[in-house]
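Enquirer: Show me the folded form of this:
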Amino acid sequence: MRTELIRYARQVLGSAQLVADRSWGHGVARVLETRDGDGATWFVKGHADPERYRRELAAYRRWVPGLGGQAPRLRAYDDDRCALLLSAVPGEAGLAHVTDPEVQRAAGVLLRRLHGTEALPPWPDLAAGKLDELDRLSVRASRLLEPRELDFVRAGLRDLSGIAAPARVPCHLDYGPRNWLVTGADRHGAERRVHVIDFEWAGPEVWANDLNRLYFGPWRGRPDLADAFLAGYGRTLDDADRAILHACAALTAVFIVVWAQRRGEPGFAEAWRQNLRRLMDGWR
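Expert: Numbering: from 1, shown residues only. Predicted coordinates:
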């Protein structure tokens, strides 16, 4: 795939020099940093999974333009190669600044912008839809998780049937510091600015479900970070939001346990199983 992606970048840009391979280790996508003849940086991304390519392409065409310079710009795409050519955005890796409340606040501001890029219809059958997702995972999940764990997830999703149809918004669905680039954090008193990348999981969802990675990650034991983020977002979590977040976080844990095991990442699968058990123990 690497050679083909470089060939594609040169086809579009005229000249493209490979700078570095920026791919994650899971192997579901190849991301190459390149430089064109004018010295501009471009990223060419090739997907192994056509569905994730289609999701990311749709996000870049429908929603990402609404983020302006705080997300990459789609230069070109190729359906046969499942490839995207994307502009670079500035900043340092978000993981280095994850405990900075001002970075969390800026990330909340940006997520609210994404969620406002398109008005979508509400979700009158949220519980049924999420139960269907669990059913599709159940055969593989039953080999990896105990019946009591799956029963807990199912019960939480059934409880969502009592919630009036929540709004759906354009969601990133992998929104967290791993996909943030931050500017301003290295200068005292400077305004933090967050840029977001990687939209391959993006799709219509309930807004609270875009908090999943943060809830299981940097917000654990740091309510000040959650407060800063939500202040930037401009909304607090009410009881219905929390019920949706907790039930769908448990479903996400099941999905990632199955996904990580299939990708040969047992450590990642076990980490998310522990997250599920924390929810079962009453973690709020």
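
Enquirer: Would you mind listing the buried residues in stretch 114-123?
Expert: Of all the residues in stretch 114-123, those buried under the rule 16 or more other C-beta atoms under 10 Å are Leu114, His115, Thr117, Trp123. C-betas here are computed from N, CA, C, even on glycine.

Enquirer: Please name the residues that touch the third one.
Expert: Contact partners of Thr117, counting by C-beta atoms under 8 Å, 6 or more residues apart in numbering, are Arg62, Trp63, Pro65, Gly66, Leu67, Pro170.

Enquirer: Might one say that the fourth one is in contact with Leu114?
Expert: Yes: under the criterion of C-beta atoms under 8 Å, Gly66 makes contact with Leu114 at 7.2 Å.

Enquirer: In three-state terms, label Trp283 for me.
Expert: Counting by DSSP: H, G, I helix; E, B strand; the rest coil, the backbone at Trp283 sits in coil.

Enquirer: Just give the number of residues close to it.
Expert: For Trp283, the neighbour count with other C-beta atoms under 10 Å is 14.

Enquirer: so how far is Val44 from it?
Expert: Distance, Trp283 to Val44, by C-beta to C-beta, to the nearest Å: 40 Å.

Enquirer: Ok, Thr117 next?
Expert: Relative to Val44, and taking C-beta to C-beta, Thr117 is found at 25 Å.

Enquirer: Tell me where the stretch 151-284 of the chain has helices.
Expert: Secondary structure of the stretch 151-284 of the chain (DSSP state H, counting those that start in this stretch): helices located at 212-216, 223-233, 239-262, 266-280.

Enquirer: Format the ones you listed as JSON lines; extra columns: distance to Ser161 and mean pLDDT.
Expert: Formatted as JSON lines, those follow (distance: least, C-beta to C-beta, whole Å; pLDDT from 0 to 100):
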{"stretch": "helix 212-216", "distance to Ser161": "21", "mean pLDDT": "91"}
{"stretch": "helix 223-233", "distance to Ser161": "26", "mean pLDDT": "98"}
{"stretch": "helix 239-262", "distance to Ser161": "11", "mean pLDDT": "94"}
{"stretch": "helix 266-280", "distance to Ser161": "19", "mean pLDDT": "92"}
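
Enquirer: Redo those helices as CSV? Include distance to Val196.
Expert: Below are the helices of the stretch 151-284 of the chain laid out as CSV (distance: least, C-beta to C-beta, whole Å):
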stretch, distance to Val196
helix 212-216, 12
helix 223-233, 13
helix 239-262, 19
helix 266-280, 22
